[in-house]
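Chemist: prediction below, plus the sequence it came from.
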Amino acid sequence: DCALRVEEQCAAVSANDSGVIVAWDVFTSDRLERSFAIQRPGPIVSLAIRNGVAAAAESGGAVCFVSLKTKRVFCELQAHARFLSAMAMHPARDVVATVAEDGTIAVWGLPTEVTGAADAEAAPSAIARHNPSLMFAARWPDGLLTGVAFCGDGDDALAVCAYDETEIVAWQ
């Protein structure tokens with residue numbers, strides 16, 4: 001989690017095709033300790049971590065957001081209708097991109113966790129900032145999408161690749 005300050009504890013996450021997500025406390029390059037584990041219903045195809053939030057892309061099209069602080073899934077998003085094949089976290093912004101085998105591409109603003117009574121009692125308009133927000137959506141007709149990455153100056157472009165294609169498509 002490169003977004004944490006130096007004095008804060010570093011963390012890493014791992015997952016497998018059985019749906020188990022494991023969070024690790026990283027003390028040195030060769031010393032990790034398991035912090036907690038969460039069982040999800042299906043295989044995890046991609047993981048990313050930023051600012052104490054792990055995003056886990058599930059093969060069924062969902063993305064779950066796990067708080068490393070409270071050690072729980074605090075938000076779930078049905079991002080795609082079909083197999084979610086790849087996900088990428090923006091290196092400098094709280095944004096995640098997802099692609100699926102049905103040719104759909106989406107960029108989502110990361111949700112924030114509601115933790116206190118004041119947050120829970122907030123007005124509906126204030127609660128909306130806690131939910132993931134769709135920032136961009138597109139479709140690659142007849143593309144079985146297999147990869148996505150932020151790229152270009154300032155990482156403002158989105159590169160997407162598809163199975164059995166010779167080109168990479170980019171959106172600015």
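Modeler: Ah, there it is.
Chemist: work out which residue lies at the spatial centre of this structure.
Modeler: In the chain, the residue lying closest to the centroid (C-alpha atoms, centre = their mean) is residue 55, at 3.2 Å.
Chemist: would you check that that residue makes contact with residue 84?
Modeler: No: using C-beta atoms under 8 Å, residue 55 makes no contact with residue 84, being 11.2 Å away. C-beta: built from backbone N, CA, C; applies to glycine.
Chemist: overlap in contacts of those two?
Modeler: By the contact definition C-beta atoms under 8 Å, 6 or more residues apart in numbering, residue 55 and residue 84 are jointly contacted by residue 63.
Chemist: any weak-confidence spans in the protein?
Modeler: Across the chain, the ranges flagged by pLDDT under 70 are 1-9, 116-129.
Chemist: my read: residue 98 touches residue 82, true?
Modeler: No: between residue 98 and residue 82 there is no contact under C-beta under 8 Å: 11.6 Å.
Chemist: who has more neighbours, the two?
Modeler: Per other C-beta atoms under 10 Å, whichever of residue 98 and residue 82 has more neighbours is residue 98, with 26 against 14.
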